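Colleague: here you go, sequence then predicted model.
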4 protein chains.
Amino acid sequence: MHLSESPPGTSPARLEAFSDGVLAIAATLLVLELHVPDAGQDLGPALIAQWPSYVVYVVSFATIGIIWVNHHGLFVHVRRVDRTLLFLNLLLLLAVSLIPFPTAVVGRFVTAERDSHLAAALYGGLMVLTSIAFTGVWRHITRDARLLGRGLDPMRARRESVLFSAGLAAYVAGVVVAFVSAELSLLIYGLVAVFYIFPWLPEPAG
Amino acid sequence: MHLSESPPGTSPARLEAFSDGVLAIAATLLVLELHVPDAGQDLGPALIAQWPSYVVYVVSFATIGIIWVNHHGLFVHVRRVDRTLLFLNLLLLLAVSLIPFPTAVVGRFVTAERDSHLAAALYGGLMVLTSIAFTGVWRHITRDARLLGRGLDPMRARRESVLFSAGLAAYVAGVVVAFVSAELSLLIYGLVAVFYIFPWLPEPAG
Amino acid sequence: MHLSESPPGTSPARLEAFSDGVLAIAATLLVLELHVPDAGQDLGPALIAQWPSYVVYVVSFATIGIIWVNHHGLFVHVRRVDRTLLFLNLLLLLAVSLIPFPTAVVGRFVTAERDSHLAAALYGGLMVLTSIAFTGVWRHITRDARLLGRGLDPMRARRESVLFSAGLAAYVAGVVVAFVSAELSLLIYGLVAVFYIFPWLPEPAG
Amino acid sequence: MHLSESPPGTSPARLEAFSDGVLAIAATLLVLELHVPDAGQDLGPALIAQWPSYVVYVVSFATIGIIWVNHHGLFVHVRRVDRTLLFLNLLLLLAVSLIPFPTAVVGRFVTAERDSHLAAALYGGLMVLTSIAFTGVWRHITRDARLLGRGLDPMRARRESVLFSAGLAAYVAGVVVAFVSAELSLLIYGLVAVFYIFPWLPEPAG
């Protein structure tokens, strides 16, 4: 590979830096949704009462973290970026930047008598959009040999596609389940995060 | 090109890193303006009632994203930075860092009986300032051969100047239209973002 | 060392960038917990009344800063990252991203008549979790020769392990002491930060 | 210069990245202190009423921007960092991360009948601390030949020291003036920012 084939501006370095920024901020802003009890309140019970906020905090942080790990893993293979990729990636970042909003809604409504279903479905709906945006980025990269670097094995690419589809299907299932049980739906979102922690594909030989 | 001509401190690397940081944070802070309904409210209607906030969220995120894409595309050509460029770039970042404020104002006032015009004009006014600041950065770079690297084609530079002017003119038009119809004005701001998504100029040969 | 042994994607560069982002944001978000008095209040007394918030601000900022310094010092030795390291590091970042929450709780409750003990214990509890997560990252790196670069001296690694354990033990002590005196417990957390400022180990020869 | 003299972990790259992060976030968080009027209020008068917040926003953003420019200009000369430098830099970042707090206090109190003096003095006090911290970073670097790279001219270093002292003296004057007139004091803080925009020293030959 000649360096001249990859001028600095079309390398993925700044795309990665900007994405790292948005992902890190979205993950860290989540803490602003944890409410500090007023000085007059009983601290213990007040902290315990917002347990759903802690659960969905961990699920959202883990989800953003896994998006980062996968983004990282994907862009290892990218040699150069084009304008379409910049905008597909922006679409992904737009979806991720919204995550703190349904996270806060779920934290507040999941134990409410009514509307917990809607809150859980809203959360899953954003996850579906995020999965679709990630799939768009992935497809654009793997279909264009000019973008791909050191040769991503086509068989591996196909198997990873299956992994993406599995996540998307689970999120769609979560949205459907939300209308039966908000807690069950949240459990599904959490299990998707746990699922992606395990390395389903062998690591590339270093 | 000798590397010694470009000592590390005058390379655009840190300017890009700082700009990426401000742009990523401004884009991600927008989510804090989406209000989580109180636990006592009807979630569905409360979420639907703030639809203008979602629209202007997408417009602002897309606008910041496009500023980033253009900033990225411009600094590909920059070989070194001078003190004037650092401050012109700070002026641009100052304008961008303010975007969450009129975004929140528009989200809250665009459906108000009165003052929606003022809110939409405020938003457009900041966009005009942002465009002027970006044009300042652009002009300073393209007029100084010591800053420009691998030779930006002068014809291309002139055509890009036209593109900048088009955006600026559209924002000015948006401010004027705001006093007739806030919604129409918002539509113009959105269309500017859509306009810049398309690659009007051929990509540089890689 | 052949460069080909360390493909760009498995180098720690993006892990460091993402970690720097989360640490910088968590540290900088702390300021949002300092409350600006209302315009009708007496500014002086109102500012003085929230002195515990300033103390815990400095302790938390120093703690995050020291985590960053140690993270920085550790990853100097890392030649490549694997998937397990990415997730252990995410666990550390999850703990750090939560720091603004107990910081705000302590600032509000440490001078309250009751519940100050619980607030101080909550703070220490998160520090214990953070220490455990950091230890996990550290152990995974130092036990795997494929991850370690330029040869970290095993004796040095053992002595640094002792330093980690010292911090962890101090935080556990802080949690226990919290139930006797919240102020004393806070003092312990502050002393841990001061303790880590001093270079207990010789710097590697440059 | 042999590369082996500057192992990656002691290079200033990560220190710069973390500093860029904190500076960018502190500058961008300022926007959260601009209050969006309630939907029932008259938008125009409500926006105009908080004009002091806009003034101090620009002063604070410019001040953080100039700290960044000077930090950038200083670290051009730094070849390697030591532990002391990491902590002196953290002290500087601690001071900068607090800037949004007095900024908000000044925005709210500078037009109040009483307490405007205290608010302006508080702001200046933090600026004094920031200047001292920056001077500490500067002195540590310029006094240690092992940290300095390509030879900063000693005469130039002395002249830059004078510039630092000028800024510090102006901030001290601002704090004193604050007790006579808050507006005048704010004007001084703004003039310091303007003063540093101009290149008082010749740029290093590229």
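Modeller: Nice, I can see it. Residues are numbered from 1 along each chain as shown, chains lettered A, B, ... in the order given.

Colleague: and the helix or strand of chain A with the lowest mean pLDDT, how far out from the chain's middle?
Modeller: Of the helices and strands making up chain A, the lowest-confidence element is helix A:154-178, at a mean of 84, by mean pLDDT, DSSP states H and E. Between the centre of helix A:154-178 and the centre of its chain there are 13 Å (CA atoms, centre = their mean, to the nearest Å).

Colleague: give the buried residues for that helix.
Modeller: Applying a neighbour-count criterion of 16 or more other CB atoms under 10 Å in any protein chain shown, the buried positions in helix A:154-178 are A:157, A:160, A:164, A:167-168, A:170-171, A:174-175, A:177-178. All C-beta atoms are positioned from the backbone trio N, CA, C, and that covers glycine.

Colleague: what of stretch A:70-85?
Modeller: Of all the residues in stretch A:70-85, those buried under the rule 16+ other CB under 10 Å are A:70-82, A:85.

Colleague: that stretch: end-to-end distance?
Modeller: 16 Å (CA to CA, to the nearest Å).

Colleague: quick one: that stretch near chain B?
Modeller: Yes. Contact check for stretch A:70-85 against chain B, using CB under 8 Å from any CB of the partner chain: residues in range are A:80, A:82-83.

Colleague: how many degrees apart are the biggest helix by length in chain A and helix A:154-178 in direction?
Modeller: Ordering each helix of chain A by length in residues (DSSP state H) puts helix A:116-143 first. Angular relation of helix A:116-143 and helix A:154-178 on a 0 to 180 degree scale: 170 degrees, by axes from the mean of the first three to the mean of the last three CA atoms, to 10 degrees.

Colleague: quick one: mean pLDDT for helix A:116-143?
Modeller: Over the span of helix A:116-143, the pLDDT mean works out to 92.

Colleague: that helix near chain B at all?
Modeller: Yes. For helix A:116-143 and chain B, the contact criterion (CB under 8 Å from any CB) is met by A:118-119, A:122.

Colleague: helices of chain A, residue ranges please.
Modeller: Shown for chain A, the helices assigned by DSSP H span residues A:13-29, A:43-49, A:51-75, A:83-98, A:100-109, A:116-143, A:154-178, A:182-197.

Colleague: ok, A:Y196 - contacts?
Modeller: Listed by CB atoms under 8 Å, 6 or more residues apart in numbering or on different chains, the contact set of A:Y196 reads A:66, A:69-70, A:163, A:167.

Colleague: quick one: it from A:R159, how far?
Modeller: When CB to CB, to the nearest Å is the yardstick, A:Y196 and A:R159 sit 14 Å from each other.

Colleague: got the contact list for the least confident helix or strand of chain A?
Modeller: Outside helix A:154-178, the residues touching it (CB under 8 Å, 6+ apart) are A:117-118, A:120-121, A:123-125, A:127-128, A:131-132, A:134-135, A:138, A:142, A:184-185, A:188-189, A:191-192, A:195-196, A:200-201.

Colleague: among those, the buried ones, what's the ChimeraX command?
Modeller: The following ChimeraX line selects those of these that are buried, judged by 16+ other CB under 10 Å:
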select /A:117,118,120,121,123,124,125,127,128,131,134,135,138,142,185,188,189,192,196
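
Colleague: A:E33 contacts A:F101, correct?
Modeller: No. Using CB atoms under 8 Å, A:E33 and A:F101 do not qualify as a contacting pair, with a distance of 9.1 Å.

Colleague: give me the common contacts of the two.
Modeller: By the contact definition CB under 8 Å, 6+ apart, A:E33 and A:F101 are jointly contacted by B:V36.

Colleague: need the nearest residue in space to A:S60, chain neighbours excluded.
Modeller: Residue nearest to A:S60 in three dimensions, not counting chain neighbours: A:T103, with 4.4 Å by CB to CB, 6 or more residues apart in numbering or on different chains.

Colleague: what of A:I64?
Modeller: Nearest non-adjacent residue to A:I64, counting by CB to CB, 6+ apart: A:A27, 4.4 Å away.

Colleague: equivalent analysis for A:L92, please.
Modeller: On the basis of CB to CB, 6+ apart, the spatially nearest residue to A:L92 that is not a chain neighbour turns out to be A:A133, at 4.0 Å.

Colleague: please name the residues that touch that neighbour.
Modeller: Neighbour list for A:A133: A:88, A:91-92, A:94-95 [criterion: CB under 8 Å, 6+ apart].

Colleague: of those residues - the most surrounded one?
Modeller: Of all the contacts of A:A133, the most densely surrounded is A:L92 (25 neighbours; neighbours counted as other CB atoms under 10 Å in any protein chain shown).

Colleague: okay, now the unreliable bits of chain A?
Modeller: Scanning chain A with the threshold set as pLDDT under 70 gives A:1-10, A:145, A:149-154, A:199-206.

Colleague: residue of chain A closest to chain C, please.
Modeller: Using CB to the nearest CB, the single residue of chain A nearest to chain C is A:V76, 2.4 Å away.

Colleague: could you measure from that residue over to A:R83?
Modeller: A:V76 is 21 Å from A:R83, by CB to CB.

Colleague: check A:L184 too.
Modeller: Applying CB to CB to A:L184 and A:R83 gives a distance of 42 Å.

Colleague: get me the contact residues on chain A for chain C.
Modeller: Proximity of chain A to chain C (CB under 8 Å from any CB) is limited to residues A:16-17, A:20-21, A:23-25, A:27-32, A:34, A:36-39, A:42-44, A:47, A:57-58, A:61-62, A:65, A:68-69, A:72-73, A:75-77, A:150, A:197, A:199, A:203-204, A:206.

Colleague: no further queries at this time; thank you.
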